[in-house]
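A.B. asks: next comes the sequence, and after it the predicted model I'd like to discuss.
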Amino acid sequence: MEKIGKRIPIDDARVKTTGKATYVDDLRLPGMLHAVLLLSEEVHAELISVDADKALAMEGVRAVFSFFNTPDTLYNGAAPFDTEDFPAQERLFSKRIRHQGDRIAMVVADSKKQALAAAKQVRCQLKTLPSVLNMEESLQEDAPQVDPDGNLQARCEMMSGDLVEAENLADGVFKTRMLVPSYHQAAMEPHGVVADCDELGGVIVYSPTQNIFSARMICAKVLGISEAQVRVVQSTMGGSFGSKLEIILEPLCAYASYQLKRPVKLVLNRKQTMKASRRSYGILADIRSFVHDGKWIGLDIDILVDAGGYCSSGQDFIWAMSAKPFRLYDIPHVRYRAASVLTNKTTASAMRGYGSTQLITALEHHVDALAKHLSTDPGDWRRRYAFGPDGKDLRDGKTFGSIGLWDCIDEGKRKFNWPLGVRTEDEQYWYGASLALGIHGNGMYPVHTDLTTMGLKMNMDGSLVLNTGTVDMGTGANTSFRMIVAEVMGVPLEKVGMQRGDTTACPYDLGCYASRSIYVAGNAALKVASSMRKRIEQETGRTLEDVNLGEFALQAFRRDARDIYCQETYVSNADPMSYAAHFARVRVDKHTLEVQVLDYLAAHDIGRAINPMSLEGQIEGAVQMGIGMALKEGLRFDPDGKLLNSSFKNYPLIKAVEMPKISVKMIESEETTGPFGAKSIGEIAAVPVVAAVTNAVSVALDMTINELPINEITARRDR
């Protein structure tokens, strides 16, 4: 292999680090107007009226939009396509306010300064309603109803074996309960959109979204026009981690531009982003393990999920978690149950790991506590029950791809030179080290159809242009796609260009989520490049290595009057898992209880590395994110449901100087269904981190942890 496996800087690294990248807030269009949102401070209320007369009389103000003068069209911003699996509860503006930060009105003016001033003059009348903030209270019969159809959005139950048999056989039952909080995704770029009208009477939407085709669908639905009249172009993304998967601002901006026939920009500040966009799902997990004669014979997982004010992906989320318990540990009897409920908190959505992170945080801490309860090494206990290469799904006995988990555990234990589960100390500190396993999927199959279409065009000099609707979140996916094409076609990387992220110019892609970019879209790049190669070899009767591509392309144009273009659709029909084993060592100050992560090792079953440099960067960034989530982060709401830490000033993030040394170990298991054997890395990189750090702190403090972040626990303990 000449390209695959080489360490290559990602395409946009230089322009981003030198400040030359063009983000959505950098866009300046002729005649552009500026929009400002008026957000609710009430957490649950009925909107009685909106008086915009004073605002409309102010200089430069072009319009004030609210529930009373916009479409009443219902939609779900999380829907990947038109499906009943995502309940339509959202509108441009709601008459029923469901959480602090819910949208009341939008002022559009010639300048942002004018729009901000006018927004202060909009008067709204609200009738305060009783609210519900607690997940368990939300299920009670007398709880305030967030949605007319009730607070319970979905239930999910999966079973293998017979839990009653496990209970009857068990010598003992071990229980833990953990509350995993909601997190802010903390992308550097706040939410923003620009929309403009085109010459045919449609709209163009510029957005750093993860899903351009979903944005097109929802905008067309709200505007009442065809998808052919809506063009969505992905602007440079300044981070997302799931926060820009859902369609939030795009329909608002598109509607304003469509009505006013002018370009409109809507960019939120940090406080608005934290209140009016999305947060991660918080969960309450009750887990029981059944042990007989020293053997782990049963596992019972019961999870309650806080979806917030709108269902969003709340139904899908609990199903996304459901397969993992049956593909991680080989135990005779396993049950998974989950319910998703509405509360009067900010709407929840995706964050790196989409359920796997929350599930694994609770489950892997339970496993560590169980090993301690049984006086067993936590690494040896996991190795005893973790799935090996021949593992089969506990529910149906089916195989699900390559499994390199044993190698991850073994390599980690060899290279991580600290005793696991053993507390040590000196005069000033307690020390602890432990591990956590991780699991995450590769794409959306078999939940629903998962496909990517790509085109490949040959220029007259033999260079190539890959055409894809797949968007890059900053992960380096575009670089990997180019590497795949260059490898198949036998050309230098610089001879592969890209047309990407445009619903009008590019073929369909399901979206950049569910860790599908390398596994699904990468397979599409491989398929279209292979098709191009086969076509050339068939036409010339020679191997590609013996063909001068420039001469071939020029001859096709001059002699045959034709273009050289191939298009292929890759449909995923497999669902392999990515695996990891993460190891952490921490110290805790005996007097201040301050926690410092000292050493970290991440061993990953990657299938095969397309670009090791990009892969390492993904893992290192995920470790930093996970350490912050374990120790410091977490959205805090007051008793009335109002967000207390709505800025980076009071939402603490881990700084570079607080980071430990990170060792990355790549375990290649050669996934036969992946492009060149590759599996995903983007989300699995984050999945075990919170649990690994939490487990290490638990060892150092000699306690089972039942809520996060850890700093809040140690602060209470210090008092």
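C.D. replies: Done, it's in. All values derive from a computational prediction rather than experimental measurement. Residues are numbered from 1 along each chain as shown.

A.B. asks: and stretch 634-643, what's buried?
C.D. replies: 634, 635, 637, 641, 642, 643 (16 or more other CB atoms under 10 Å). C-beta here means a position set from N, CA and C on the backbone, and glycine is covered the same way.

A.B. asks: between the two ends of that stretch, how far is it?
C.D. replies: 11 Å (CA to CA, to the nearest Å).

A.B. asks: residue 492 against residue 485, yeah?
C.D. replies: No. If you go by CB atoms under 8 Å, residue 492 and residue 485 don't touch, sitting 11.3 Å apart.

A.B. asks: with neighbour numbers in mind, choose between the two.
C.D. replies: residue 485 (28 against 11; other CB atoms under 10 Å).

A.B. asks: pLDDT below threshold where in this structure?
C.D. replies: Applying pLDDT under 70 to the chain flags residues 717-719.

A.B. asks: please parse it into its domains.
C.D. replies: According to automatic domain parsing, the chain comprises the domains 24-129+191-267, 351-441+575-718, 445-571.

A.B. asks: sec struct for residue 389, please.
C.D. replies: Under DSSP: H, G, I helix; E, B strand; the rest coil, residue 389 falls in the coil class.

A.B. asks: check the gap between the closest residue to it other than its chain neighbours and residue 436 for me.
C.D. replies: Excluding its sequence neighbours, the residue lying closest to residue 389 (CB to CB, 6 or more residues apart in numbering) is residue 403, at 5.3 Å. Applying CB to CB, to the nearest Å, the value for residue 403 to residue 436 is 17 Å.

A.B. asks: so which of these two has more stuff around it?
C.D. replies: residue 436 (29 against 26).

A.B. asks: out of everything not next to it in sequence, what's closest to the more buried one?
C.D. replies: Leaving aside its sequence neighbours, residue 436 sits nearest to residue 691 (CB to CB, 6+ apart; 3.5 Å).

A.B. asks: which of the three states applies to that neighbour?
C.D. replies: helix.

A.B. asks: how near is it to residue 144?
C.D. replies: Applying CB to CB to residue 691 and residue 144 gives a distance of 34 Å.

A.B. asks: of these two, who's got more company?
C.D. replies: More crowded of residue 691 and residue 144, by other CB under 10 Å: residue 691, with 32 against 17.

A.B. asks: separation between the more buried one and residue 606?
C.D. replies: 20 Å.

A.B. asks: mind listing the strands for the stretch 101-250 of the chain?
C.D. replies: Per DSSP state E, counting those that start in this stretch, the stretch 101-250 of the chain carries strands over the ranges 103-109, 123-128, 152-160, 172-180, 192-197, 203-207, 230-234.

A.B. asks: hmm, residue 176 is touching residue 372, no?
C.D. replies: No. Residue 176 is not in contact with residue 372 according to CB under 8 Å; the separation is 11.1 Å.

A.B. asks: re the thing from before, going by distance to residue 269, which of the buried residues of stretch 634-643 wins?
C.D. replies: The nearest member of the buried residues of stretch 634-643 to residue 269, counting by CB to CB, is residue 643 at 13.9 Å.

A.B. asks: how much space between the closest one and residue 151?
C.D. replies: Note on residue 643: its distance to residue 151, by CB to CB, is 20 Å.

A.B. asks: what about the strand or helix carrying residue 34, distance to the chain center?
C.D. replies: In this assignment (DSSP states H and E), residue 34 forms part of strand 33-39. On the basis of CA atoms, centre = their mean, to the nearest Å, strand 33-39 sits 27 Å off its chain's mean C-alpha point.

A.B. asks: using PDB, list the CA coordinates for that strand.
C.D. replies: Only the C-alpha atoms of strand 33-39 are listed here, as PDB (Å, rounded to 0.1, in the frame of the first residue of the first chain):
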ATOM      1  CA  LEU A  33     -29.800  41.400   7.100                       C
ATOM      2  CA  HIS A  34     -29.100  40.300  10.600                       C
ATOM      3  CA  ALA A  35     -31.400  38.300  12.900                       C
ATOM      4  CA  VAL A  36     -31.600  38.100  16.700                       C
ATOM      5  CA  LEU A  37     -33.600  35.700  18.700                       C
ATOM      6  CA  LEU A  38     -35.800  36.500  21.700                       C
ATOM      7  CA  LEU A  39     -35.600  33.500  24.000                       C
END
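
A.B. asks: list the helices and strands the helix or strand just after it packs on?
C.D. replies: Using DSSP H and E, the helix or strand that follows strand 33-39 in sequence is strand 45-51. Identification of packing neighbours for strand 45-51 by 3 or more CB pairs under 8 Å, 6 or more residues apart in numbering; DSSP states H and E yields strand 96-97, strand 103-109, strand 123-128.

A.B. asks: deepest of those, which one?
C.D. replies: Burial of the helices and strands packed on strand 45-51 is given as mean neighbour count (mean count of other CB atoms under 10 Å); strand 103-109 ranks first at a mean of 25.

A.B. asks: show me where the stretch 501-650 of the chain has helices.
C.D. replies: Using DSSP state H, counting those that start in this stretch, the helices of the stretch 501-650 of the chain run over 522-540, 549-560, 612-631.

A.B. asks: make a markdown table out of those helices and add distance to residue 76 and mean neighbour count.
C.D. replies: Putting those into a markdown table (distance: least, CB to CB, whole Å; neighbours: other CB atoms under 10 Å) gives the following:
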| stretch | distance to residue 76 | mean neighbour count |
| --- | --- | --- |
| helix 522-540 | 27 | 20 |
| helix 549-560 | 45 | 15 |
| helix 612-631 | 27 | 24 |
